[in-house]
Every structure is written in structure tokens, then in C-alpha cells.
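1. only geometry, no sequence info:
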């Protein structure tokens with residue numbers, strides 16, 4: 001017989017402490033809100049990646065970890081493997097990669113010790129998490145932590161030394177002492193038989209005394225992967241080429257390093273292992289600094305070819321410009337400290353969304369954002385990605401605006417597609433990876449007129465042609481940008497399908513067609529019909545007023561294109 005129990009208090013131990021690990025800031029905030037809604041659960045902290053998560057587990061000792069799989073630096077599965085070696089906390093996987101019962105990632109997660117898996121809604125940023133998974137997340141955590149729950153059951157799933165040898169040994173000691181690279185030599189039984197001074201310096205806090213230390217004592221705390229690699233080489237495996245790794249130091253910190261492992265000894269003798277370790281903390285620090293000023297993809301390209309000249313290349317790309325409406329007056333009202341705080345929160349959310357769609361943030365321009373899709377590497381569907389990012393930016397802004405201490409913001413987004421020159425532009429002493437060209441100029445100008453039309457998102461005609469995935473939209477005008485010969489239609493892309501769209505979008509399109517053909521009186525009639533159905537539509541009001549003006553003062557030549565004068 002199955003007994004149904006109501007949610008109740010967590011018992012004498014108080015609220016169960018949950019660590020949320022996800023590389024998306026928006027996802028961390030959404031999951032935190034979901035978990036904290038349960039009276040028996042609380043999010044004790046969050047982490048953006050596996051390395052940070054392992055450090056927080058050691059410090060905070062949470063009861064459970066809610067862990068994503070797809071993360072930079074250290075994957076969720078590797079984090080899970082290391083957690084189960086040294087921590088007794090329960091791990092629940094929340095990822096779109098485990099939505100299928102038979103998925104390899106789900107099977108591997110359960111094999112590594114996850115107590116349960118939850119399929120996260122697909123997509124870079126899942127704004128429907130609350131509707132689709134909120135109850136499942138809480139229910140799964142409660143069951144994993146042995147709390148009473150309601151609902152469907154969750155399946156948890158050496159010879160005598162000679163003088164020559166002594167001299168050679170002394171020479172080797174001097175040589176090793178002068179190296180900046182750590183050198184560790186292990187015998188066939190995993191005992192450390194030699195280590196230089198650099199090993200003590202780089203592996204801070206670790207006992208690397210020859211004759212006393214072993215593979216197990218050095219690699220015993222969250223460093224089992226390195227230990228397994230050394231044992232594999234000792235057991236006859238191939239050499240391990242240089243690779244970056246993160247070493248968990250005894251003091252709780254992380255040591256970024258690059259390790260190389262090679263076998264030693266003659267074929268007829270038991271095999272040893274030589275481990276070479278380079279300290280790459282400074283490289284990581286420089287990379288982190290660069291990541292804050294440009295896209296990680298661009299940083300990788302720069303570091304891979306640092307001596308290239310400043311020349312660029314002609315590329316097809318989709319450019320997105322976004323800007324906060326009324327920022328100047330808002331800044332005067334809030335003051336400097338509050339402005340910096342809310343801008344940083346706003347940019348963090350927007351950067352999260354743009355990165356989720358494969359975009360590259362070219363620069364922050366005051367309160368504006370310039371993002372590139374197709375630079376530095378094309379995806380084949382960059383127009384779709386840019387439009388999806390724009391729609392998700394508006395959704396993310398809605399989440400921000402719901403926060404009581406955040407000013408209610410409005411933004412405008414302009415998108416254009418076309419050839420641009422991309423590359424390092426600047427002087428030999430100061431440069432920036434950016435793009436220049438008509439598409440970039442057009443995107444900026446389109447963003448500028450979003451306010452005039454009352455549209456949050458405006459997209460050029462070329463971008464609309466490139467879309468592979470249909471979106472609800474309407475053509476609002478044809479414009480001519482000063483300095484560019486080509487006229488372009490501009491389309492409003494809706495974040496969500498508008499109310500009663502099937503009743504008013506068709507007469508609106510008829511009005512636009514009459515307006516472009518120069519039949520201004522007919523266009524006014526069409527727009528009047530639209531206003532009776534959708535009286536709050538700003539675009540209809542703008543075009544109706546323009547048609548009235550043009551009907552009174554007809555231009556000598558009408559090409560159907562409105563000259564953009566906004567900067």
C-alpha cells in the first residue's frame with residue numbers, strides 16, 4: 001500500500017542546504033527562487049562552474065548539490081566524480097542532456113553516483129523552468145534528502161654507488177634545482193623517489209618529500225584524475241602529452257597547472273613515471289582579464305596566434321545593438337553607485353543570454369551593447385541566433401524588472417546582417433577586435449529608431465531573409481540610411497505572439513502596402529481599422545500620422561523609403 005504524505009518541516013536539522021551549480025546566471029537565479037520556495041530547503045550558495053563548486057562544497061558542506069553538466073573549465077560529470085570521492089553530499093543532475101531515459105550522459109551520471117537526474121527544458125536559457133520543472137526539482141530534492149514528499153515517485157536512479165654515479169647524481173640535482181618546472185619521479189609502486197624545489201613551490205602545501213610521499217598522498221584530495229593518469233602510465237599506458245588541469249591544494253584553493261607524464265626505466269625493469277608540472281596561474285590570470293574585455297572565442301584566437309598583424313578579413317555577420325531607454329535621466333536620479341550596480345546586473349543578464357545563443361559581445365558602449373553573431377566563427381544560422389538572443393534579452397529584462405530593488409527598464413534592439421570587415425583594429429600599442437561596415441552602421445541606426453516606432457526589436461530585411469526558423473513579425477517600414485544607397489525594409493519581431501494578431505496584422509500589412517505605394521489616403525483608412533482593434537499599437541499611430549502629413553504635402557518624388565534621421 002502506498003502512503004501519501006504532505007510536505008512538512010525538515011525536522012530538527014532545520015532547512016536542508018543546497019548548492020546550485022550552473023554556468024548561466026539566469027538559471028542560477030531561477031533555480032534559487034524555486035528551491036527557496038520550499039520551507040524545508042534553502043540555497044546556501046551558487047557556483048558558476050565545477051571548480052568553484054568543489055571549493056564551496058569543501059567550505060560549506062551542503063546537504064545536496066544541484067548540478068548542471070554542460071559547464072566551462074570542468075564538466076558536471078567530472079565535478080560529480082570528484083565530489084563522490086571526498087564528499088557525502090547528495091548530487092542531483094539538472095541538465096537537458098539527461099532528459100532522455102536512455103541518454104549516455106544520464107547513465108554515466110547515475111554510474112558516477114548521482115542520486116537522481118532531472119531533464120532541464122532545452123535551449124540556452126530556459127525561461128519556462130518554473131512552469132515545466134519547478135515542482136519536479138523540489139520533489140526530487142526532498143526525496144533525495146529523505147524529506148516527506150507528495151506526487152509521483154522519482155526513480156533514483158639500486159646497486160652500490162660509484163664515484164661516477166655520485167657525480168652524475170649531483171649534476172642532476174643541480175639541474176633539477178634550477179628548473180621552474182616541477183619534476184616528480186615515481187617508482188613502479190607509486191612511491192615518490194625524487195622531487196625538485198619547484199615541486200614544493202608549485203604544489204604548495206603538499207608533502208613532496210622523496211621516500212615518504214606517494215601518488216595517493218599527493219593526489220588524494222579531489223585530484224584522483226591526475227593520480228589515475230600516473231598509475232595508467234606506470235601500468236604500461238601511453239605517455240600523457242601536456243594538458244591543463246586544476247590541482248586541489250590542501251589549503252582549499254586551486255592550482256592551475258599544465259602536466260606531462262612519461263614512463264621511465266629500461267624495458268627489462270619495472271616502469272616508473274616522470275611527471276612534469278608547469279605553473280600556469282599567470283596565464284590563467286591574463287586569460288581571465290582578457291575574457292572580461294572581449295569574447296572568450298576571440299581571446300583563444302589571439303592567444304593561438306599572438307603575432308598576427310592587424311589586418312582583417314571580409315566576413316558575413318549579423319550585428320546586434322541594444323540600448324537602455326531614458327538612461328541619462330535614470331542615472332541622474334539614482335546616483336553613481338546605484339547606476340554602476342544596476343548596469344553590472346543588467347549586463348550580466350544580457351551577456352548570459354547572448355553567450356547562450358553563440359554571440360560575441362564586441363563591446364559595452366556606455367549603457368549599450370554591441371554583439372556579433374558569426375564572428376569570430378560562423379554557425380550557419382547566425383541570423384536566427386541573433387533574433388533568438390534579442391527575444392530572450394527582453395524576457396531576461398522582464399525577470400530583472402520583477403526584482404523589487406531594480407529600476408524598471410526598457411530597451412531597444414536593432415539587428416542587421418551583411419558583409420563586415422572583422423579583425424584587430426587599432427595601433428600596435430592599443431587594439432580591439434571589432435567589425436566595421438554597412439551592416440554594423442545599419443544595426444546601430446535601426447536600434448536608434450526603435451523608440452520612434454515604439455518597437456522593442458527591429459530587424460533589417462536581409463536578416464529576415466536569412467532566418468531558418470519562423471518567428472512572429474511584421475514589416476513596419478522601408479527606410480534609407482544616410483550614406484547607404486540601398487533601401488531596406490525593417491520588421492518588428494515580437495517576443496510573444498500579440499493579442500488578436502489574426503484580426504489586425506492583415507489590415508496593418510494592407511495599410512503598409514498602400515503607404516509604400518504612395519496611396520496615403522487609403523493607407524490612413526487601413527490604419528484606422530487597425531486602431532479600432534488594437535488601439536494601443538504605437539506603429540499604427542506613427543504611420544497613420546505620417547500618411548496624414550504626406551497626404552497634405554505630397555513629395556515630388558516618393559520612392560516608398562523613409563529617410564532615417566535618428567543617430
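-> Received it, and whenever you're ready, just let me know what you need. What you see is a predicted model, and the numbers here were worked out from it, not measured in a lab.

2. going forward, measure contacts between C-alpha atoms and count neighbours the same way
-> Noted.

3. for my notes, confirm residue 118 occurs in a strand.
-> Yes - the assignment for residue 118 (DSSP: H, G, I helix; E, B strand; the rest coil) places it in a strand.

4. burial count for it?
-> A count of neighbours around residue 118, defined by other Cα atoms under 10 Å, yields 23.

5. for it, give me its contacts.
-> 92-95, 98-99, 136-137 (Cα atoms under 8 Å, 6 or more residues apart in numbering).

6. give me the buried entries from those residues.
-> Those of the contacts of residue 118 that meet the buried threshold are 92-95, 98-99, 136-137, by 16 or more other Cα atoms under 10 Å.

7. where in the chain is the helix or strand with the lowest mean pLDDT?
-> Taking mean pLDDT, DSSP states H and E as the measure, helix 296-304 is the helix or strand of the chain with the lowest mean score, a mean of 57.

8. got the buried residues for stretch 516-534?
-> 516, 518-524, 526-531, 534.

9. residues in contact with it?
-> 477-478, 503-505, 507-508, 510-515, 537, 540-541, 543-544, 547-548, 550-551, 558-561.

10. which among those end up buried?
-> Using 16+ other Cα under 10 Å as the threshold, 477-478, 504-505, 507-508, 511-515, 540-541, 543-544, 547, 550, 560 are the buried ones among the contacts of stretch 516-534.

11. restricted to strands, list those.
-> In strands, defined here by DSSP state E, the members of the buried ones among the contacts of stretch 516-534 are 477-478.

12. residue contacts, residue 408?
-> When contacts are taken as Cα under 8 Å, 6+ apart, residue 408 is in contact with residue 401.

13. is it true that it lies in a helix?
-> No - with three-state DSSP as the criterion, residue 408 is coil rather than part of a helix.

14. that older thread, what is the lowest-pLDDT residue among the contacts of residue 118?
-> Per-residue confidence across those is lowest for residue 99, with 77 (pLDDT).

15. from residue 240, how far out is residue 183?
-> 15 Å (Cα to Cα, to the nearest Å).

16. let me fix that, I meant to ask about residue 464.
-> As it turns out, when the distance is counted by Cα to Cα, residue 464 lies 49 Å from residue 240.

17. the two: who's more crowded?
-> When neighbours are counted by other Cα under 10 Å, residue 464 and residue 240 differ, and residue 464 comes out ahead with 24 against 16.

18. got any ranges where the stretch 201-350 of the chain has weak pLDDT?
-> Counting by pLDDT under 70, the stretch 201-350 of the chain contains low-confidence residues at 286-312.

19. which residues in it form strands?
-> Counting by DSSP state E, counting those that start in this stretch, one finds strands in the stretch 201-350 of the chain at the ranges 240-248, 254-264, 272-279, 313-324.

20. all helices of the stretch 101-250 of the chain, in order?
-> Listed in chain order, the helices of the stretch 101-250 of the chain (DSSP state H, counting those that start in this stretch) span residues 104-111, 129-144, 163-177, 197-202, 215-218, 224-234.

21. of all those, which one is nearest residue 283?
-> When the helices of the stretch 101-250 of the chain are ranked by proximity to residue 283, the top entry is helix 197-202, at 14.3 Å, counting by Cα to Cα.

22. buried ones in the closest one, by neighbour count?
-> So, applying 16+ other Cα under 10 Å, buried residues of helix 197-202: 197-200, 202.

23. which elements pack onto it?
-> The elements that helix 197-202 packs onto, with contact taken as 3 or more Cα pairs under 8 Å, 6 or more residues apart in numbering; DSSP states H and E, are helix 163-177, strand 182-186, strand 272-279.

24. helices of the stretch 251-400 of the chain, start to end?
-> With DSSP H, counting those that start in this stretch applied, the stretch 251-400 of the chain shows helices at 281-291, 296-304, 327-334, 336-356, 382-402, listed in chain order.

25. if you average pLDDT over the one helix or strand residue 51 maps to, what comes out?
-> Counting by DSSP states H and E, the element that carries residue 51 is helix 50-60. What helix 50-60 shows for mean pLDDT is 92.

26. can you name the next helix or strand after it?
-> Taking DSSP H and E as the definition, the helix or strand that follows helix 50-60 towards the C-terminus is strand 64-67.

27. hang on, the earlier thing: check the buried residues of helix 197-202 and tell me the two furthest apart.
-> Largest separation among the buried residues of helix 197-202 by Cα to Cα: 197 and 202, giving 8.8 Å.

28. tell me, what's touching these two both at once?
-> Jointly contacting residue 197 and residue 202 under the rule Cα under 8 Å, 6+ apart are residue 182.

29. separation between residue 378 and residue 506?
-> As for residue 378, its distance to residue 506 is 35 Å (criterion: Cα to Cα).

30. and if you look at residue 532?
-> For residue 532, the distance to residue 506 (Cα to Cα) stands at 14 Å.

31. could you do residue 108 as well?
-> 52 Å.

32. check residue 220 too.
-> Where residue 506 is concerned, residue 220 sits at a distance of 69 Å (Cα to Cα).

33. more neighbours: these two, which one.
-> Just comparing residue 220 and residue 506: by other Cα under 10 Å the higher neighbour count belongs to residue 220, 17 against 14.

34. residue 499 - how many residues pack around it?
-> Look at residue 499: counted by other Cα under 10 Å, it has 9 neighbours.

35. setting aside sequence neighbours, what's the nearest residue to residue 84?
-> Closest residue to residue 84 apart from its sequence neighbours, by Cα to Cα, 6 or more residues apart in numbering: residue 113 at 6.7 Å.

36. my read: that neighbour touches residue 80, true?
-> Yes - assessed by Cα atoms under 8 Å, residue 113 is found in contact with residue 80 at 7.4 Å.

37. more neighbours: those two, which one.
-> Neighbour totals were compared for residue 113 and residue 80, and residue 80 leads with 26 against 18 (other Cα under 10 Å).

38. and the more buried one, what does it touch?
-> Shown here is residue 80, whose contacts under the criterion Cα under 8 Å, 6+ apart are 91, 109, 112-114.

39. state the distance from it to residue 57.
-> Look at residue 80 and residue 57: by Cα to Cα, they are 11 Å apart.

40. can you check residue 356 too?
-> Relative to residue 57, and taking Cα to Cα, residue 356 is found at 26 Å.

41. neighbour count winner among the two?
-> A count of neighbours by other Cα under 10 Å puts residue 57 above the other of residue 356 and residue 57, at 21 against 18.

42. next up, the contacts around that one.
-> Shown here is residue 57, whose contacts under the criterion Cα under 8 Å, 6+ apart are 19, 87.

43. same thing but at 10 Å, please
-> Applying Cα atoms under 10 Å, 6 or more residues apart in numbering, one finds that residue 57 lies in contact with 19, 45, 47, 63-65, 83, 86-89.

44. just the ones of these in strands?
-> Filtering those for strands - DSSP E - leaves 19, 45, 47, 64-65.

45. count of neighbours near residue 14?
-> Based on other Cα under 10 Å, the number of other residues close to residue 14 is 12.

46. was I right to think it contacts residue 40?
-> Yes - Residue 14 is in contact with residue 40 according to Cα atoms under 10 Å; the separation is 7.1 Å.

47. let me know the secondary structure of residue 43.
-> Going by three-state DSSP: residue 43 is strand.

48. if you drop the residues flanking it in sequence, what lies closest to it?
-> Setting aside the residues directly before and after it, residue 43 is nearest to residue 18 in space (Cα to Cα, 6+ apart), at 4.6 Å.

49. residue 235 too?
-> Spatially, and ignoring its direct neighbours in sequence, residue 235 is nearest to residue 271 (7.6 Å; Cα to Cα, 6+ apart).

50. next, count neighbours for that neighbour.
-> The local packing count at residue 271 equals 18, with neighbours defined by other Cα under 10 Å.
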